[in-house]
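>>> Dropping the sequence and predicted coords here.
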Amino acid sequence: MPSETRESLTQKRGTTKRRITNLIRKIQQLVQKAEPSAFDILCTDQYLGEIQGLDAQFQQQHLDANALVDPSNEEAIERDFEEVENHDDRVRENVSKLLFFLSTSKSKFQGAKSTDSKGKKSFEVKWNRITANVNNLTEKIKIARENLDESEIEDLTDIRNELSECAKGLDRFTTEVNSISADFEDPDGDEWNDAISSLFDKIKTAQDALNQLITQRRRDQNRQNIEREIMREQNRNKKLEQQNIQHRDELSKLLQELTSPLHQSEAKAVKLPSLNIPTFDGEPTNWKSYWQQFEATIHKSKKLDDQLRMQYLLKSLVTKRAKGAIEGIDAVGEAYPEAIAIPKARFDRPQVIHRAHVRALLNVKPSKDGSSAELRQLHDTFQHHLRSMKALGQLDFERFITALGESKLDPITMVEWQKFTQKEKEVPDYHQLLEFLDLRSTATELTTHYSDRKKPQASYSKFKTYPSGSVPRPVSVYATSAQTRCPACSSSSPGLAYCRNFKEKTLTDKRDFVLAQGLCFNCLNPKHIGKHCPSPNSCLKCNKRHHTLIHADNVDMERAPEVPKQTTSSALPRSNSDENGETPMMLLPWPLL
């Protein structure tokens, strides 16, 4: 038990004092009786025992409380001293009264005692023992109530069993009391019954209080068990959480090790599962066969993860040209989707592949001596390229002519042709190539003529920057003037011949648009009309003086309609004459794509 304070000891001493006061009240009622009964004599012995026991309890509580008084607090010490003196006086006075009452009352029953002194003595002993046991158990119950948290259910159950034994003993004692009262012819026999009934009530009250304590203690223990279980579960969860954190840290460290450059280099050294994987050397003609095999064995294989696919991809790219496409990408599984998309975008280009096959055919070395080996090699080479073009769906005459024409272009013109067809997904047909060559030659001719007239020393291949205010320098055939825009879509890059919006129009809409804009029906350029068109070119389909885009079958367009004067004057912008009185040549509206 925890050490008690002065306040708790003072409270206990006050409780004992009140019990003594109640007992003194009973003693005073007893000693005032003129004709005491045998039961009164028994009560006198009981009261003597009780008051002496309470006096000893009070003295001990006083000593314990007084030991906790501050020695410097003289007022408290004096107050406790006076209280003890008053207590001693009260106890001595009432003990004297009881002793005097007992001595005077016993003479009345001397004859009865001599008659059955042995039975009477036994009767008194039983009564005192029962009342003492009940009082002792009541005190235990009180202590248990004050210290319920420290009381054990087993101890409380033992007290309840003892109370039951007291009740049984009281039943037997009641029978004896009734017998003695009849023998003594005690006129106050009802007092015995009242005392016994009062003791029964006391036992019943003690039992009820004890049952409540046991119920409360069990409830408290259940709550404590639940709280302990909750605490145990919380500790278990906390421990699991700590383990999870530890495992997470270990996994994080492991992941860092797996993604570290050192581990990646080690991973590259790991022996991969034996697979017959294709290789790619960066040549466009080999892309299709490589990708078909790689896609079937590696890319779509459900047995491989992205980490292994990445390792096989790196292993399959055997030249610097091929590996350069994915150089710098981490060799981890997460990077595989990005890594595989780059070579596909770079090498899976039908135009480039078709052109490479045609050039390979054109560059096949001719047979020297007609040997079987040479002829077989010539046969296999042609078969390889033709099959590849057939697989692309581009084994036709028009695309072959396009590739053949491309092989004859100079590097600068080839670059411009690539820009011109950069939006085409398939190989352009030869009509587009012819149209490009026509427009390029016309623009080059006009630009060269204009450059030679203004600056004879300048050549087409060498452009000079003219001083401010002088004649603008010649530009490439597809260079766009800052002031020129496509009349159909207002774009600053292409001319009308390259405008998709214009190409998608119907033939009637195209002709009406050219007429409304005051454009030349032959070259689709402004500032002149068809009959004054300087371009030597004509329609590629009928060789007449109109543009191929506005060609109509069975329609005679040899003479392009004249633009009305009022339309020309309003639609065509005026240009200032140069210093020689000549009108400067307008820069062509189509761009370098």
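Right, received. Where do you want to start?
>>> any idea which residue sits dead centre in this protein?
R248 (14.6 Å; C-alpha atoms, centre = their mean).
>>> quick one: which helix or strand includes that one?
For R248, the host element (DSSP states H and E) is helix 189-259.
>>> and that helix, what does it pack onto?
helix 38-67, helix 117-146, helix 153-184 (3 or more C-beta pairs under 8 Å, 6 or more residues apart in numbering; DSSP states H and E). Just so you know, the C-beta spots here come from the backbone N, C-alpha and C atoms, and that holds for glycine as well.
>>> Tell me what angle that helix forms with helix 38-67.
40 degrees (axes from the mean of the first three to the mean of the last three C-alpha atoms, to 10 degrees).
>>> From K531, how far out is the residue nearest to the centre of the chain?
For R248, the distance to K531 equals 85 Å [C-beta to C-beta, to the nearest Å].
>>> again, but for C539
15 Å.
>>> Counting neighbours around each, name which of those two comes out higher.
C539 (18 against 12; other C-beta atoms under 10 Å).
>>> who's in contact with that one?
C539 makes contacts with 545-548, 551, 557, as judged by C-beta atoms under 8 Å, 6 or more residues apart in numbering.
>>> ok, 10 Å please
Counting by C-beta atoms under 10 Å, 6 or more residues apart in numbering, C539 makes contact with 522, 545-552, 557-558.
>>> Does T21 touch V91 like I think?
No. Checked against C-beta atoms under 10 Å, the pair T21 and V91 is beyond contact range at 11.1 Å.
>>> Determine the residues that are contacts of both of those two.
Common contacts of T21 and V91 (C-beta under 10 Å, 6+ apart): L54.
>>> quick one, which of those two is more surrounded?
Taking neighbours as other C-beta under 10 Å, T21 and V91 compare with V91 leading, 19 against 11.
>>> measure the residue nearest to that one when sequence neighbours are not counted to A67 for me?
The shortest distance from V91 to any non-neighbouring residue, by C-beta to C-beta, 6 or more residues apart in numbering, is to D55 (4.8 Å). Distance check for D55 against A67: by C-beta to C-beta, it reads 19 Å.
>>> Just want to know which of these two has more residues nearby.
Regarding D55 and A67, a neighbour count based on other C-beta under 10 Å identifies D55 as having more, with 19 against 9.
>>> For that one, give its distance to Q46.
From D55 over to Q46 (counting by C-beta to C-beta), the distance is 15 Å.
>>> again with F100
Separation of F100 from Q46 (C-beta to C-beta): 17 Å.
>>> contact partners of stretch 195-205?
By C-beta under 10 Å, 6+ apart, stretch 195-205 touches 39-40, 42-43, 46, 127, 130-131, 133-135, 137-138, 141, 163-164, 166-167, 170-171, 173-174, 177-178.
>>> More neighbours: F100 and Q46, which one.
Using other C-beta under 10 Å as the criterion, F100 and Q46 rank with Q46 on top: 20 against 11.
>>> Surely the more buried one and N128 touch.
Yes. Contact criterion C-beta under 10 Å: Q46 and N128 qualify, at 6.1 Å.
>>> Now do the shared contacts for those two.
If you check Q46 and N128 against C-beta under 10 Å, 6+ apart, no residue is contacted by both.
>>> Pass me the low-pLDDT residue ranges in the stretch 1-150 of the chain, would you?
Where the stretch 1-150 of the chain drops to pLDDT under 70, the residues are 1-3, 38, 106-124, 148-150.
>>> Kindly report the same for the stretch 351-500 of the chain.
Using pLDDT under 70, the stretch 351-500 of the chain drops low at 367, 369-370, 374-375, 378, 382, 394-399, 430, 445-484, 492-495.
>>> ok, T15 - how many residues close by?
14.
>>> Assumed V427 was part of a strand.
No. The assignment for V427, made by DSSP: H, G, I helix; E, B strand; the rest coil, is coil rather than a strand.
>>> hang on, isn't it packed against L404?
No. Between V427 and L404 there is no contact under C-beta under 10 Å: 11.8 Å.
>>> the more surrounded of those two?
V427 (27 against 16).
>>> if you skip the residues just before and after it, what's nearest to W291?
Closest to W291 by C-beta to C-beta, 6+ apart is D348, at 6.8 Å.
>>> Pull the number of nearby residues for that neighbour.
Neighbour count for D348, taken as other C-beta under 10 Å: 13.
>>> Then T44?
22.
>>> With the one 3 residues further on instead?
Look at Y47: counted by other C-beta under 10 Å, it has 22 neighbours.
>>> again, but for the one 5 residues further on
Burial of Q52 is recorded as 13 neighbouring residues (other C-beta under 10 Å).
>>> any idea how far C520 is from the nearest residue to it once chain neighbours are set aside?
Excluding the flanking residues, the one nearest Q52 by C-beta to C-beta, 6+ apart is V95, at 7.4 Å. According to C-beta to C-beta, V95 and C520 sit 148 Å apart.
>>> Same check on I143?
124 Å.
>>> what about those two, which has more around it?
Relative neighbour count places C520 above the other of I143 and C520, with 23 against 12, counting by other C-beta under 10 Å.
>>> Skip the chain neighbours and tell me the closest residue to the more buried one.
Excluding the flanking residues, the one nearest C520 by C-beta to C-beta, 6+ apart is C533, at 5.0 Å.
>>> Repeat that for A144.
A144 sits nearest to S151 (C-beta to C-beta, 6+ apart), 4.6 Å away.
>>> Counting neighbours, what do you get for that neighbour?
Neighbourhood size, S151 [other C-beta under 10 Å]: 21.
>>> Compute the distance between E338 and K423, please.
For E338, the distance to K423 - C-beta to C-beta - is 25 Å.
>>> Please identify which of these two sits among more neighbours.
Set E338 next to K423 and count neighbours by other C-beta under 10 Å: E338 wins out with 11 against 8.
>>> Validate this expectation: the more buried one resides in a helix.
Yes. When three-state DSSP is applied, E338 is found to be in a helix.
>>> pLDDT score for it?
Looking at E338, its pLDDT reads 87.
>>> what does N237 give?
On pLDDT, N237 comes in at 90.
>>> Can you give me the distance of it to N244?
The value you get for N237 to N244, if C-beta to C-beta is used, is 10 Å.
>>> How about I196?
I196 sits 71 Å away from N244, taking C-beta to C-beta as the criterion.
>>> With K390 instead?
61 Å.
>>> Just give me the neighbour total for the nearest residue to D438 once chain neighbours are set aside.
Nearest residue to D438, sequence neighbours excluded (C-beta to C-beta, 6+ apart): N537, at 4.8 Å. Number of residues near N537 (other C-beta under 10 Å) recorded here: 20.
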